[in-house]
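Asker: Just a sequence and a predicted model for now, questions to come.
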Amino acid sequence: MEKYEMLAELMFPNVTDTIEDLENRYPERKIDGEVTRYAPSPTGFLHTGSLFTTLLDQKIAHQTGGVFYLRVEDTDKKREVEGSIEDQLKSLKEFGIVPDEGVVEPKKEEGKYGPYTQSKRGDIYLICAKELVKKGKAYPCFCTAEMLDTTRKMQEKNKQIPGYYGIYARCRNISVDEMIERVKSGEEYIVRFRSNGSHLKKISYVDKIKGKIEIAENDQDIVIVKSDGLPTYHFAHAVDDHFMRTTTVIRGEEWLPSVPIHLQLFDSLGFERVNYAHIPTIMIKDGESKRKLSKRKDKEAAVSYFLKAGYPPEAIIEYLYTIINSDFEPWRKNNKDKSLDEFKLRLEKMNSAGALFDIMKINDISKETISKLNSHELFERVNSWSEEYNKEINDLINRDKFYTLKIFAIERDEAVKIRKDLVKFEDIYENFSYFFHDLYIKDIDENGYVFETNEKITNRVIYEVLSNYMNIYDVEDDKDVWFSKIKTLATSLGFCTDMKQYKLEPDKYIGSIADATSIIRIAICNRKNTPDMYYIMKTIGVEEIKSRVNNVLAKF
RNA sequence: GGCCCAUUGGUCAAGCGGUUAAGACGCAGCCCUCUCAAGGCUGAAUCAUGGGUUCGAUUCCCGUAUGGGUCACCA
């Protein structure tokens, strides 16, 4: 033992604290609730899967009166992307996810268990590594990358399990004296964990989501401290989650195979094990098969896609809940207006198979969400969204706020049946641009009118409908009067005003009332489908209507 | 390839030894209707497969197939 201590001193001359000191520095939390964390690496944008994870983290912590914190895992300096954490934090915030502790804002840490950025915790990892060396549970490894590479190739060729273990763990078997000598001589090394496991033996643990898991012990002498002095993920996880007093680690199921390593590390360090909850991967359909949502191929993989398109964040959250927990949808059906906070999430009820990402369902939920907004709320939402994501729409709705509000109010405010045709805020341009004179003109210049003629409904009929309509239109009319006037006009021109009747004997008429109104609709909106024409006309105003109709007339 | 995880309609899914196998999205049809969206009603569509255990398996066990994950000084 004496020798291991010498070795440890030699390897970590500047480390004077012990694990005992750390235990005192980071005492157990005096709360009953769950302590969870989101531990992003600064390597890119916020992935949809990560949003899913953080949603769970926050929910589990908050519903038990616990703490949800954020820790930055920046131990891979090579892959680091500038601004990544800032970006992720910002995206999370838009979805209403703000950590209670840790890195709560860009460059701002809060809490007593910090620092919450791994690159600033170097001393802590070294204290733990030193302790392990002292106990003979870790050792310096002098193997070069090339040596590792050749043994790996040899192992693969011989169909052996690849890795650093048993007889292939060259440095684990050299004598302590030699280790001391080589460290003294300044030879470069990394630190490896001395595994006491065997892949022939199985360990079992109970996953909060997956249930009982049986898996082979780890027998690999994994690296715990890299040549740059920073810890590997495995080591940092054990150390950080222990000293930050995490109770449940919620992470993607790609981590499941490394649980044996983690358990071993916790045990060797003398730490109490944390609970694990491994969540299934969100998949996406790719042709006939399904696969993991890919950052490269799938635009939906980045949550920014939804933000940019103007999906209300709460709609995405709502959708995520439907795949998070199997009893969410029934609950929602019975609790339509309740806050998500009131829903009790149970990890055990989570499906352990990977869910397919279903954009159709998101669209449906989003549509529903937007339909609940009144015109003023819609305006505020679209305004703040477009300020950041869509300048064109922002300019458009702010040309004349009063006018925009009138447009938004159509079939929305005080409507018996609220219109549900906006899936995302981005759709506003497509749905409402014809309300604006210049955009209406632009549309016609670029695409022409969308009138459709046939043997019966000829250009002449279109002309008749429109020219007559201008004579009878009166903004003061209420809806019934307005429509009965159209009926009278249509009848006089040979249209049938009763849809049922028309369906029975279409040959007797030149068209239905629907065909007649369609002509008016196209003249005014150049769209085949629009909301209620009565309200559209009231909103657009007589002068503009006249101008548009006359424009059509002039061309026929 | 080794190991691990999974498998109920096209998708998300209830189910936890005996059910006409819920519900939602989507799809089809009908109704309503000035178009569309919505809404209402109806419908088509599911327990991967082979063995067990059991009076009885979607449900429990084993094998097979399929899909996914993982085997770094990346997380």
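Answerer: Received it, and whenever you're ready, just let me know what you need. Residues are numbered from 1 along each chain as shown, chains lettered A, B, ... in the order given.

Asker: Now A:Lys159: which helix or strand?
Answerer: Using DSSP states H and E, A:Lys159 maps to neither a helix nor a strand.

Asker: likewise A:Lys406?
Answerer: Going by DSSP H and E, A:Lys406 is part of helix A:401-409.

Asker: May I see the buried residues of that helix?
Answerer: A:Thr404, A:Leu405, A:Lys406, A:Ile407, A:Phe408, A:Ala409 (16 or more other Cβ atoms under 10 Å). C-beta: built from backbone N, CA, C; applies to glycine.

Asker: before we move on, what about stretch A:265-272?
Answerer: A:Leu265, A:Phe266, A:Ser268, A:Leu269, A:Phe271.

Asker: now stretch A:490-501
Answerer: Of the residues in stretch A:490-501, A:Ala490, A:Phe495, A:Cys496, A:Thr497 count as buried by neighbour count, 16+ other Cβ under 10 Å.

Asker: before we move on, what about stretch A:191-206?
Answerer: A:Val191, A:Arg192, A:Phe193, A:Arg194, A:Ser195, A:Gly197, A:His199, A:Tyr205.

Asker: returning to what we had before: run the chain-centre distance for the helix holding A:Lys406.
Answerer: Helix A:401-409 has its C-alpha centroid displaced from the chain centroid by 31 Å (Cα atoms, centre = their mean, to the nearest Å).

Asker: anything in stretch A:492-502 near RNA strand B?
Answerer: Yes. Using Cβ under 7 Å from any atom of the strand, stretch A:492-502 comes into contact with RNA strand B via A:Met499, A:Lys500.

Asker: That stretch: how far from the chain's middle?
Answerer: Worked out by Cα atoms, centre = their mean, stretch A:492-502 lies 51 Å from the chain centre.

Asker: Can I get it in PDB, CA atoms only?
Answerer: Output of stretch A:492-502 as PDB, limited to C-alpha atoms (Å, rounded to 0.1, in the frame of the first residue of the first chain):
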ATOM      1  CA  SER A 492     -81.200  35.300 -61.800                       C
ATOM      2  CA  LEU A 493     -78.100  34.100 -63.600                       C
ATOM      3  CA  GLY A 494     -79.200  30.400 -63.500                       C
ATOM      4  CA  PHE A 495     -77.300  29.100 -60.500                       C
ATOM      5  CA  CYS A 496     -79.000  26.800 -58.000                       C
ATOM      6  CA  THR A 497     -79.000  28.100 -54.500                       C
ATOM      7  CA  ASP A 498     -79.900  24.800 -52.900                       C
ATOM      8  CA  MET A 499     -77.000  22.500 -52.700                       C
ATOM      9  CA  LYS A 500     -79.100  19.400 -52.200                       C
ATOM     10  CA  GLN A 501     -81.300  20.300 -55.100                       C
ATOM     11  CA  TYR A 502     -78.300  21.000 -57.200                       C
END
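
Asker: Can you tell me what sits against it?
Answerer: A:461, A:464-465, A:468, A:487, A:490-491, A:508-516 (Cβ atoms under 8 Å, 6 or more residues apart in numbering).

Asker: Low-confidence bits of the stretch 151-300 of chain A, can you list those?
Answerer: Residues of the stretch 151-300 of chain A that meet the criterion pLDDT under 70 lie in A:284-291, A:293-297.

Asker: And the helices in it?
Answerer: A:176-184, A:233-243, A:259-269 (DSSP state H, counting those that start in this stretch).

Asker: could you check the angle helix A:259-269 makes with the second one?
Answerer: Put plainly, it is helix A:233-243. 50 degrees (axes from the mean of the first three to the mean of the last three Cα atoms, to 10 degrees).

Asker: quick one: is helix A:233-243 near RNA strand B?
Answerer: Yes. Legend: contact between helix A:233-243 and RNA strand B by Cβ under 7 Å from any atom of the strand is shown at A:Tyr233.

Asker: buried residues in that helix?
Answerer: For helix A:233-243, burial by neighbour count (16+ other Cβ under 10 Å) applies to A:Tyr233, A:His234, A:Phe235, A:Ala236, A:His237, A:Ala238, A:Val239, A:Asp240, A:Asp241, A:His242, A:Phe243.

Asker: okay, those residues in JSON lines with distance to A:Ile261 next?
Answerer: As requested, these are exported to JSON lines (distance: Cβ to Cβ, whole Å):
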{"residue": "A:Tyr233", "distance to A:Ile261": "10"}
{"residue": "A:His234", "distance to A:Ile261": "5"}
{"residue": "A:Phe235", "distance to A:Ile261": "9"}
{"residue": "A:Ala236", "distance to A:Ile261": "12"}
{"residue": "A:His237", "distance to A:Ile261": "9"}
{"residue": "A:Ala238", "distance to A:Ile261": "9"}
{"residue": "A:Val239", "distance to A:Ile261": "13"}
{"residue": "A:Asp240", "distance to A:Ile261": "15"}
{"residue": "A:Asp241", "distance to A:Ile261": "13"}
{"residue": "A:His242", "distance to A:Ile261": "15"}
{"residue": "A:Phe243", "distance to A:Ile261": "18"}
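
Asker: before we move on, the earlier item: kindly identify which of the buried residues of stretch A:191-206 also come near RNA strand B.
Answerer: When Cβ under 7 Å from any atom of the strand is applied, no member of those is adjacent to RNA strand B.

Asker: Tell me the one of those nearest A:Glu380?
Answerer: Comparing these against A:Glu380 with Cβ to Cβ picks out A:Tyr205 as the nearest, at 48.6 Å.

Asker: Excluding chain neighbours, what is closest to the closest one?
Answerer: A:Ile213 (5.9 Å; Cβ to Cβ, 6 or more residues apart in numbering).

Asker: next one: A:Arg527
Answerer: Nearest to A:Arg527 is A:Tyr434, by Cβ to Cβ, 6+ apart, at 6.2 Å.

Asker: what number of residues lie near that neighbour?
Answerer: The burial metric for A:Tyr434, expressed as a neighbour count using other Cβ atoms under 10 Å, is 21.

Asker: Correct me if wrong: it contacts A:Asp443.
Answerer: Yes. With contact defined as Cβ atoms under 8 Å, A:Tyr434 reaches A:Asp443; the gap is 6.6 Å.

Asker: Overlap of the contact sets of the two?
Answerer: Common neighbours of A:Tyr434 and A:Asp443 (Cβ under 8 Å, 6+ apart) are A:Asn526.

Asker: Just the element for A:Gly489, please.
Answerer: Small correction: residue A:489 is Leu, not Gly. Using DSSP H and E, A:Leu489 maps to helix A:479-492.

Asker: Could you list the buried residues of that helix?
Answerer: Neighbour counts over helix A:479-492 (16+ other Cβ under 10 Å) mark A:Trp482, A:Phe483, A:Lys485, A:Ile486, A:Lys487, A:Leu489, A:Ala490 as buried.

Asker: Just checking: what are the partner strands of the very next helix or strand once past it?
Answerer: On the C-terminal side of helix A:479-492, the nearest following helix or strand under DSSP H and E is strand A:495-496. Within its sheet, and counting by DSSP bridges, strand A:495-496 is paired with strand A:511-512 (parallel).
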